[in-house]
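Enquirer: need the 3D shape of this:
(one chain, ligands or ions: 1)
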Amino acid sequence: MTAPGVTGFQWRMPVDVRFGAGCASEIAGRLGERSAVVMAFEPATALGWRAQWTSDLGHRLRAWVEVPDGLSSMARCREFAKQVWPVLAAEPDTVLIALGGGTTLDIAKVLRCRPVEAEPRLDQLVDGRRRTHPAGFDRVADALRGTAPWPALDLAPLWMVPTTAGTGSEVTRWATVWDTDVEPAQKRSFDEAFGFADCAFVDPVLTQSCPAAVTRDTGLDALSHALEAIWNRHANPFSDVLAVSAARKVLTWLPVALCEPANADARSALSLASLEAGFAFSQTRTALAHALSYAVTLEQGVPHGLACALWLPTAWQLAQGRDERVDHLLNQVLAALDGTPGTSHGAQRLQTWLTSVGVSCDPASHGVHDAEQRVMAALSSPRGRNFIAA
Ligand SMILES: [Fe+2]
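Expert: Here you go, the predicted model:
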């Protein structure tokens, strides 16, 4: 029997999560005798992390693959597969460790999916004609595009070590893969049960390496995940608690981290907020703001978190006043914003906060001149339909 007003729900979270300052240093010990391939964001070398990890992992480190900044695109996954898959094929127990932000983590999710049958082969007769199965990454690409089922896979053990506080990818089953091989480019969603990492090490100390813009935009992504979990048709009592806690932490601590990048309390709070929001939206998925964000990122090159945040006041305005649960939760979020109870002018108060961290919520300032039409179209998109006001 459920509590009054609470409908039944499921909760699946298979990721073994470790959180805490310095916890990334436990990885070498946890690895035991297994070997590892590290996919790392490019600055790891200049930060001295590559040298440290190379020393810690010793003979177990089979390859260190640098991931330069950029989109998590199909084309890049294809190139990385040439480096990573031969190493994974040589030793099937090799752990793929992703060290970086959302792009690195998302690419690693795709790279763990190595087809058992890596070489092209002539298939049986189909409709009277012989067909050749594509080789290696082409088979993964076809699955990502939805034009073919997933081939049999040798899934590499995947450990994730986020260096930003925002993506939540370390605790979700999906990844964004931009298909720039087609015209116009399209967003492909990797969304599979095998998208969950095996382990996540969330170490707030690592986020001190983030430049201010990355700190802000990833913090805005976490805020977006939290709010989108609240005004979501798939919300449940656990996601509500986590989402409110996450949103309140971002609103309180992001301005502090921007002023004091080395503030350990702020970094810890933001990493925890990102994890909480990640847990929440791993169950609810995203909603209207994310649905609207992707075109802005693709067309204007606006970073993901910023591209989401600029739509948050619009979504807030639409969400408020429709559902007692949502209003109650937004009220709790607003109390952290300015200490004033009540949801009146909530969207405006959020916009004021966003302005204070340097975000313009005028879509035109981001090159978007048909905002209203986009909102209407997004409300009927798959993510938009998760939105409580759709
Ligand atoms: Fe996001």
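
Enquirer: now the lengthiest helix in the chain: buried residues?
Expert: Taking DSSP state H as the criterion, the chain has its longest helix at helix 237-259. With burial defined by 16 or more other Cβ atoms under 10 Å, the residues of helix 237-259 counted as buried are 239-240, 242-251, 253-255, 257-258. Heads up, the C-betas are built off the backbone N, CA and C, glycines and all.

Enquirer: next one: stretch 322-338
Expert: Residues of stretch 322-338 classed as buried: 323, 325-326, 329-334, 336-337 (neighbour count, 16+ other Cβ under 10 Å).

Enquirer: stretch 351-369 now?
Expert: 351, 353-354, 357, 359, 361, 363, 366, 368.

Enquirer: just the closest of these to residue 53, please.
Expert: Residue 53 lies nearest to residue 357 out of the buried residues of stretch 351-369, by Cβ to Cβ, at 32.4 Å.

Enquirer: state the distance from the closest one to residue 165.
Expert: When distance is defined by Cβ to Cβ, to the nearest Å, residue 357 is 14 Å away from residue 165.

Enquirer: do residue 109 as well
Expert: Note on residue 109: its distance to residue 165, by Cβ to Cβ, is 19 Å.

Enquirer: who has more neighbours, the two?
Expert: For the pair residue 109 and residue 165, the greater number of neighbours falls to residue 165 (34 against 29), based on other Cβ atoms under 10 Å.

Enquirer: contacts only, for residue 230.
Expert: With Cβ atoms under 8 Å, 6 or more residues apart in numbering as the criterion, the residues that contact residue 230 are 240, 243-244, 247, 319, 326, 329-330, 333.

Enquirer: show me where this protein has its strands.
Expert: 16-19, 36-41, 61-67, 95-100, 113-115, 121-126, 129-133, 153-155, 158-162, 174-179, 186-191, 199-202 (DSSP state E).

Enquirer: enumerate every residue touching the closest residue to residue 239 other than its chain neighbours.
Expert: In this structure, residue 239 finds its nearest non-sequential neighbour in residue 280, 4.1 Å apart by Cβ to Cβ, 6 or more residues apart in numbering. Taking Cβ under 8 Å, 6+ apart as the criterion, residue 280 is in contact with 225-226, 229, 238-240, 242-243, 246.

Enquirer: again with residue 145
Expert: Each residue near residue 145 by Cβ under 8 Å, 6+ apart is listed here: 179, 188.

Enquirer: pull out the buried residues from stretch 221-239.
Expert: In stretch 221-239, counting by 16+ other Cβ under 10 Å, buried: 221-232, 235-236, 239.

Enquirer: how about those, which pair is most distant?
Expert: Among the buried residues of stretch 221-239, 221 and 236 lie farthest apart (Cβ to Cβ), at 21.8 Å.

Enquirer: re earlier: using CSV, lay out the strands of the chain together with mean neighbour count and mean pLDDT.
Expert: Below are the strands of the chain laid out as CSV (neighbours: other Cβ atoms under 10 Å; pLDDT from 0 to 100):
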stretch, mean neighbour count, mean pLDDT
strand 16-19, 15, 98
strand 36-41, 23, 98
strand 61-67, 18, 97
strand 95-100, 27, 98
strand 113-115, 23, 95
strand 121-126, 8, 50
strand 129-133, 10, 51
strand 153-155, 15, 95
strand 158-162, 27, 98
strand 174-179, 22, 93
strand 186-191, 16, 90
strand 199-202, 23, 98
